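*Asks:* structure for this input, please:
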Amino acid sequence: MTDDNGYTDDGYTDDDNYTDDGYFGEDVAADYDDDTADMSHPDAVDPAVDLLAGLAGDGAALEFGVGTGRIALPLAGRGVPVHGIDMSRAMVKRLRAKPGGDAVGVTIGDFATTRVAGEFALAYLVFNTINNLTTQDAQVDCFLNAAAHLRPGGCFVVEVGVPELRRLPPGQSAVPFHISDTRWAFDTYDPATQAMSSNYVTIVDGRAEHSSIPFRYVWPAELDLMARLAGLRPRDRWESWTREPFTGESRRHVSVWEKPAG
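*Replies:* Coordinates of the predicted model:
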């Protein structure tokens, strides 16, 4: 049975063509909030929610890759109706267990192609989630999908890092981003294909365990072209949610494209 928030007794509705949790199954979901705790502090969340709530205005918001609700829950708490699309039932289970989790409708599916009912003032992707789509075609489809859900004048927002190829000396393909006594983490890049992966080596009971998640990195100008193909036009680009100017030294960006009101 599905209620007015758009989910069943299991906590979500299904895209009939989607049956896989992908790389975000129970083994990842169980520790996801702990592993990303630094991104859940108010100083990280509040500026994002402020900007998104302002763009949504009196309309509804659609989050691609809603996950455990780090942004969707506080955005819904501001009075913005939020629906999410996510491939992982395990992640959505964590969202549902949190206070206010029943206020966010969720559809299980591939956010590049899955359609939900309704028209939205805002669609958004945060925390590098666009890179989870590992082909250029899928990323283009994502922009087309966002545009199809937006009402005229609505906005699509993407938060993503700038590829750190400048840190790679000749012959090197890996960039470390975490080193401790029990965990090493590094990204690998292939400039020829734009394939990348995040790799984690964890020491458990004296033994090393390795996991890897594939991504596809994407450049700001490439995203602008994807937006243009989807009929969206550039509106804003900042270095962060607090709207610092985006420069050649910026390591990430928050970009906004608008669906023409005409």
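*Asks:* tell me the secondary structure for Glu249?
*Replies:* coil (DSSP: H, G, I helix; E, B strand; the rest coil).
*Asks:* that one: neighbour count?
*Replies:* Glu249 is flanked by 8 other residues according to other CB atoms under 10 Å. No exception for glycine: its C-beta is placed from N, CA and C like everyone else's.
*Asks:* surely Thr113 meets Phe143?
*Replies:* No - counting by CB atoms under 8 Å, Thr113 does not reach Phe143; the two are 11.8 Å apart.
*Asks:* who's more crowded, these two?
*Replies:* Shown here are Thr113 and Phe143; by other CB under 10 Å, Phe143 has more neighbours (25 against 15).
*Asks:* any regions of the protein where pLDDT drops low?
*Replies:* Counting by pLDDT under 70, the chain shows low-confidence ranges at 1-12, 14-23.
*Asks:* at which residues are the helices of it located?
*Replies:* Secondary structure of the chain (DSSP state H): helices at 26-35, 42-56, 72-77, 89-97, 136-149, 220-229.
*Asks:* in the second one, what counts as buried?
*Replies:* With burial defined by 16 or more other CB atoms under 10 Å, the residues of helix 42-56 counted as buried are Ala44, Val45, Ala48, Val49, Asp50, Leu51, Leu52, Ala53, Leu55, Ala56.
*Asks:* so what's Asp190 up against?
*Replies:* Neighbouring residues of Asp190 by CB atoms under 8 Å, 6 or more residues apart in numbering: Ser173, Met196.
*Asks:* quick one: it from Val160, how far?
*Replies:* To Val160, Asp190 is 18 Å away according to CB to CB, to the nearest Å.
*Asks:* what is the neighbour count of Asn128?
*Replies:* When neighbours are defined as other CB under 10 Å, Asn128 has 17 of them.
*Asks:* verify the stated contact: it with Val162.
*Replies:* No - using CB under 8 Å as the test, Asn128 is too far from Val162 to be in contact (10.7 Å).
*Asks:* excluding sequence neighbours, find me the nearest residue to Glu164.
*Replies:* Val175 (5.5 Å; CB to CB, 6 or more residues apart in numbering).
*Asks:* wait, the one you found touches Ser197, no?
*Replies:* No - if you go by CB under 8 Å, Val175 and Ser197 don't touch, sitting 11.3 Å apart.
*Asks:* tell me which residues touch the nearest residue to Ser240 once chain neighbours are set aside, please.
*Replies:* Excluding the flanking residues, the one nearest Ser240 by CB to CB, 6+ apart is Val254, at 6.3 Å. Contact partners of Val254, counting by CB under 8 Å, 6+ apart, are Leu51, Val157, Val158, Glu159, Asp236, Arg237, Trp238, Glu239, Ser240, Trp241.
*Asks:* let's go with 6 Å and repeat that
*Replies:* The contact partners of Val254, by CB atoms under 6 Å, 6 or more residues apart in numbering, come to Glu159, Trp238, Trp241.
*Asks:* cool, and Lys259?
*Replies:* Going by CB under 6 Å, 6+ apart, Lys259 touches Ala147, Leu150, Pro152, Gly154, Leu232.
*Asks:* which of the residues you listed sits closest to Ala185?
*Replies:* Closest approach to Ala185 among the contacts of Lys259 (CB to CB): Leu232, at 33.8 Å.
*Asks:* tell me how many other residues crowd the closest one.
*Replies:* Residues lying near Leu232 (other CB under 10 Å) number 23.
*Asks:* just to check, it is in contact with Trp257?
*Replies:* Yes - applying CB atoms under 6 Å as the test, Leu232 and Trp257 come out as touching, 3.9 Å apart.
*Asks:* and Phe24, how many residues sit next to it?
*Replies:* For Phe24, the neighbour count with other CB under 10 Å is 22.
*Asks:* which one is it nearest to, not counting chain neighbours?
*Replies:* Distances taken as CB to CB, 6+ apart put Ser88 closest to Phe24, at 3.9 Å, once the chain neighbours are dropped.
*Asks:* how close does the one you found sit to Leu133?
*Replies:* 15 Å.
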